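Engineer: this is a predicted model, with the sequence first.
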Amino acid sequence: MAVAAASQQGGPASIARAEEATAAATSTSGASEAALTQYTNAAQKYQLLVPASWESKGKAGADALFEDPARRSTSVGVTVNPVKVASIDKFGSLAEVGDKLLEAERKKESTLGVSLVSSSERQGAGGAKLYEYEYELDSTRGRKRILNTVTIFNSRLYILNAAFKCEKDACGQESLAGVQLLRQVAATFDVQP
């Protein structure tokens, strides 16, 4: 179903990402999270695949928010805001934007520590350059693994934020399947011209 929806919405690149995400989700996570479904916001011009069992929630400042009903601390949200900059390249490089993101986290009163796990960039099907970051956040509210996908395209800032709350000491092996699912969801995020 997700692959069919992607083929109608985003072309070959979206189909490939949908197939990869669906296959990986089926092989690495529980049955309740195995089915991914297409979410498209035509007005804000973005799309992604989310677990079919997750609930859509309203949250101030978020354009879309999806929450795992079995683990409420696990969520994926998208914000979209107009900006004066036309593209992410004009805002900064992968490293520069990553430094700004982590510095913003460090400045939060609740933050005890933050460390970058990985960063990468990819090209969306519509031509947008997307920066992807994964980091571990230790805060007064617990330890989380955070995934962010950031782009500026056609003077709109898009941020996908995915969060998985880890066990008390670290995001170890028991967290792997949950974090992997968020990676798969983030990999399907794309914006349209």
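Structural biologist: It's in.

Engineer: could you list the buried residues of stretch 91-106?
Structural biologist: For stretch 91-106, burial by neighbour count (16 or more other Cβ atoms under 10 Å) applies to F91, L94, V97, G98, L101, L102, E105. Bear in mind the C-beta positions are built from the backbone N, C-alpha and C, glycine included.

Engineer: any chance you could map the strands in the chain?
Structural biologist: 36-41, 46-51, 55-57, 64-67, 75-82, 111-123, 129-139, 142-153, 156-165, 190-191 (DSSP state E).

Engineer: just tell me which of the ones you listed ends up closest to L181.
Structural biologist: L181 lies closest to strand 46-51 among the strands of the chain, at 7.0 Å (Cβ to Cβ).

Engineer: how far out from the middle of the chain is that closest one?
Structural biologist: Remark: strand 46-51 is offset 9 Å from the chain centroid, using Cα atoms, centre = their mean, to the nearest Å.

Engineer: follow-up on the earlier one: which of the buried residues of stretch 91-106 fall in helices?
Structural biologist: Among the buried residues of stretch 91-106, the members found in helices (DSSP state H) are F91, L94, V97, G98, L101, L102, E105.

Engineer: pLDDT weak spots in this protein?
Structural biologist: Filtered on pLDDT under 70, the chain yields the residue ranges 1-34, 168-170, 172-174.

Engineer: 90 instead, please
Structural biologist: Where the chain drops to pLDDT under 90, the residues are 1-34, 58-62, 71-73, 141-142, 166-178, 193.

Engineer: do you know how far E67 is from S155?
Structural biologist: Distance, E67 to S155, using Cβ to Cβ, to the nearest Å: 30 Å.

Engineer: tell me which of these two has more neighbours.
Structural biologist: Legend: neighbour count by other Cβ atoms under 10 Å for E67 and S155, higher for E67 (18 against 13).

Engineer: for the residue nearest to the more buried one when sequence neighbours are not counted, what are its contacts?
Structural biologist: Spatial nearest neighbour of E67, chain neighbours left out: S75 (4.6 Å); criterion: Cβ to Cβ, 6 or more residues apart in numbering. Counting by Cβ atoms under 8 Å, 6 or more residues apart in numbering, S75 touches K57, L65, F66, E67, D68, A162, A163.
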